[in-house]
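**Q** Show me how the following folds:
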Amino acid sequence: MNTIDKHIFSKYPIDDYGEIWDRLSLVNFTRKTVLPRDILCFLQKGTIRKYIAGNEDDAMPTISVDFYFEGDIFTAKADNEADRQFVYEPVSNGVLWYVEMSEVRRLFLESRLCSTTQKVFLEEQLREKTLREVRLLKASPKEMYLFLLENKPLFIQRVPLKYLASYIGITPQALSRIRRQIN
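**A** Residues are numbered from 1 along each chain as shown. Down below sits the predicted model:
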């Protein structure tokens, strides 16, 4: 698989002939692959977990922040203290195309279409993060799981339960109890 399948990224307003496509580098990854940082990612195949690592003394558990699937575009930045806290880990084998953020910034300055795409992308990301924060503050863990079950089936189908529990903010045992109650 040496060419990108542009069609799976069609939910984003990217010109099929835009300069960004010519700048992409390929990573065929496994669960053990350490992904590059400070990049814009186009996930063609597989699942990637974004998390905050726990303390070395295990006083703070590892917290799953997000999951990315086929057709997702996301940034794996490392240019400030907050961004460096996040770890991007493959959950499965897959195919990732990426471009360095320095190149992305150059394209945004030179292209009106890239600038518009950036605005749409950032607005969508902000909306998703805000809705997740509201759900975490207002919903019970059971309600969170039911939301994922109904609205984000890939989370349920492809994410290991221990990571899903971390994403909801509960232990794997508590998630198992919720799943038993629902079934």
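**Q** what about His7, distance to Phe42?
**A** 12 Å (Cβ to Cβ, to the nearest Å). C-betas here are computed from N, CA, C, even on glycine.
**Q** For stretch 85-97, list the C-alpha coordinates in PDB.
**A** Provided in PDB are the C-alpha atoms of stretch 85-97 (Å, rounded to 0.1, in the frame of the first residue of the first chain):
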ATOM      1  CA  GLN A  85       2.400  15.200  27.800                       C
ATOM      2  CA  PHE A  86       0.500  13.200  25.200                       C
ATOM      3  CA  VAL A  87       1.600   9.800  23.900                       C
ATOM      4  CA  TYR A  88       0.400   8.400  20.600                       C
ATOM      5  CA  GLU A  89       0.400   4.600  20.600                       C
ATOM      6  CA  PRO A  90      -0.800   2.200  18.000                       C
ATOM      7  CA  VAL A  91      -3.500  -0.200  19.200                       C
ATOM      8  CA  SER A  92      -3.400  -2.300  16.100                       C
ATOM      9  CA  ASN A  93      -1.300  -2.600  13.000                       C
ATOM     10  CA  GLY A  94      -1.900   0.000  10.300                       C
ATOM     11  CA  VAL A  95      -0.900   2.700   7.800                       C
ATOM     12  CA  LEU A  96      -0.300   6.300   8.600                       C
ATOM     13  CA  TRP A  97       0.600   9.100   6.300                       C
END
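**Q** Run through who's touching it.
**A** 1, 4, 24-33, 35, 37, 41-53, 65, 67, 76, 158-160, 163 (Cβ atoms under 8 Å, 6 or more residues apart in numbering).
**Q** For that stretch, buried residues please.
**A** 86-92, 94-97 (16 or more other Cβ atoms under 10 Å).
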